[in-house]
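Peer 1: test case, fold it:
(chains A and B)
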There are 2 protein chains.
Amino acid sequence: MMHRHPVDLAHACRLINHGPTVLVSVRHEGRRNVMAAAWSMPVEFTPPRVAVVIDKSTFTRELVLASGGFALSVPCRALADLTYAVGSASGRDVDKFERHGITAFAGPKLGLPLIEGCVAWMECRRIAEPHSEAAYDTFFGEVVSAQADARVFANSRWSIGDDNADLHTLHHLGGGRFAVVSTTVQARKH
Amino acid sequence: MMHRHPVDLAHACRLINHGPTVLVSVRHEGRRNVMAAAWSMPVEFTPPRVAVVIDKSTFTRELVLASGGFALSVPCRALADLTYAVGSASGRDVDKFERHGITAFAGPKLGLPLIEGCVAWMECRRIAEPHSEAAYDTFFGEVVSAQADARVFANSRWSIGDDNADLHTLHHLGGGRFAVVSTTVQARKH
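Peer 2: The predicted structure follows:
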C-alpha cells in the first residue's frame, strides 16, 4: 500500500498511546488468526513494549504461545464492521481472513499477517510472563517493527482532521458501538 | 455534583474500555497526589480489574505502595489543560491540588480523592504484583467503586453527542495534544 511507511521504533508506542481498539493477528505453522482487542496499552517507550489482554478461550492465544509473537494492526472508521465481526467469532474452526475477505501482508521482521486497510501496524515478540498471562490474560510484548499510513500518521505523530475522517481510529464502547477520535485539542501549559 | 451517579461494578470497565487518558490519584497519611496516565486498560470484567502504568520516578507510586489503593478519574475536554499540567510535574514537592485549584471529593469505598469536573471515577485496591510493577511499571487493581456523570454516561453506556462536547473524553497523542472522541459509529454484524 503506497501510503504505508516505517515508524521509528522510538515512536512506536505513539501508535496506540491514545487507546484505540486493535486487531491482534498471529500465525504458526500454516494456521493464522485475527481477533479484535479493546484492551491494550504501551508499557514502555524504550525499548518499546506493550501489553494486550488475550482471553484464555481464544485461538489467538494458542497461536501466540506456540509462535512467540503477535501483531497489532490499528483499524480505522472504514473498518468498523470488520473489527466488530472478528471480535465476535472464534477462528478455531474458520479462517477469518477468508470468511471476511481480509487481505494481509507480511510483517517485515516476523512475517506476521498485518491487516490491509488499517492505519498502523506493529509486530511484537512475546515476553514470556506466565503469571500475568494466567492471572490477568495480560501478554507483554516487545515491538520489533512499526509502520503507519502516512495520510493519518506522519512525522511520528497522528494527524487527525476533517480531510481523513475514514482513517480515524476506533475506540470500542461496547456492543459494536465505537467512539471515533475525530477532533484534537492542544492543551496549554498552566 | 448533581450529575454524578453510581455505576454497577459489572459495568465499571466500560468507563475506560475506549482507552481514555486518566488521572491517577492517591492518598496516604495526610499526603495526596494526582498524575495523568495515558496507559491504562481493563483486564477483566468480572471481577472488574484494571491495569495502569505508574513510573518508578513518581510520587504517586510511593503513595500507591504505601496505601494499597489508587483512584482513576476520567477527564474530559474541558479539563485538557489540567490533565496536561498534572502529567508534567511531580507532586513530591508541591500539592498539585492546591497549585492547580483542583477540587476533590472522597471516594465512597476507600476515601480516595476523586477529581471534580471529570466524567467517570473508580477506586481500586492494588493487587500486589511486585514483578509486573518492577519489570513493566504495571499495577493491577480491583475496582471497588465506580461512578459517572449521567450527562455523558447513562444506563451503563457512554453517550457521546453534539450536545455534550465539553464532556467528551481525552486520548493523549503526545506533547499535550489530545484526540477527543466526539462521534460514534455502530458496526453492523457481517
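
Peer 1: who are the contact partners of A:Leu167?
Peer 2: Counting by CB atoms under 8 Å, 6 or more residues apart in numbering or on different chains, A:Leu167 makes contact with A:76-78, A:119, A:149, A:151-152. Just so you know, the C-beta spots here come from the backbone N, C-alpha and C atoms, and that holds for glycine as well.

Peer 1: so how far is A:Gly161 from the closest residue to it other than its chain neighbours?
Peer 2: Nearest residue to A:Leu167, sequence neighbours excluded (CB to CB, 6 or more residues apart in numbering or on different chains): A:Val152, at 4.1 Å. Counting by CB to CB, to the nearest Å, the gap from A:Val152 to A:Gly161 is 9 Å.

Peer 1: neighbour-wise, which of these two wins?
Peer 2: Per other CB atoms under 10 Å in any protein chain shown, whichever of A:Val152 and A:Gly161 has more neighbours is A:Val152, with 22 against 12.

Peer 1: I figured the more buried one was touching A:Asp163, is that so?
Peer 2: No. Using CB atoms under 8 Å as the test, A:Val152 is too far from A:Asp163 to be in contact (9.7 Å).

Peer 1: OK, contacts around the residue of chain A found nearest chain B?
Peer 2: Nearest residue of chain A to chain B (CB to the nearest CB) works out as A:Gly19 at 1.5 Å. By CB under 8 Å, 6+ apart, A:Gly19 lies in contact with A:41, A:171, B:18-21, B:38, B:41, B:171.

Peer 1: not counting sequence-adjacent ones, nearest residue to it?
Peer 2: Leaving aside its sequence neighbours, A:Gly19 is closest to B:Gly19 (1.5 Å, by CB to CB, 6+ apart).

Peer 1: where exactly do the helices run in chain A?
Peer 2: A:59-67, A:80-86, A:96-99, A:130-136 (DSSP state H).

Peer 1: can you list those helices in CSV and add distance to B:Gly30?
Peer 2: Shown next, in CSV, are the helices of chain A (distance: least, CB to CB, whole Å):
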stretch, distance to B:Gly30
helix A:59-67, 45
helix A:80-86, 47
helix A:96-99, 55
helix A:130-136, 32
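
Peer 1: turn the ones you listed into CSV, including mean pLDDT, mean neighbour count and distance to chain B.
Peer 2: Formatted as CSV, the helices of chain A follow (pLDDT from 0 to 100; neighbours: other CB atoms under 10 Å in any protein chain shown; distance: least, CB to the nearest CB, whole Å):
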stretch, mean pLDDT, mean neighbour count, distance to chain B
helix A:59-67, 97, 19, 14
helix A:80-86, 94, 23, 3
helix A:96-99, 93, 15, 8
helix A:130-136, 98, 16, 4
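
Peer 1: how many neighbours does A:Arg77 have?
Peer 2: 20.

Peer 1: check contacts around it.
Peer 2: Counted by CB under 8 Å, 6+ apart, A:Arg77 has contacts A:165-170, A:178, A:180, B:185.
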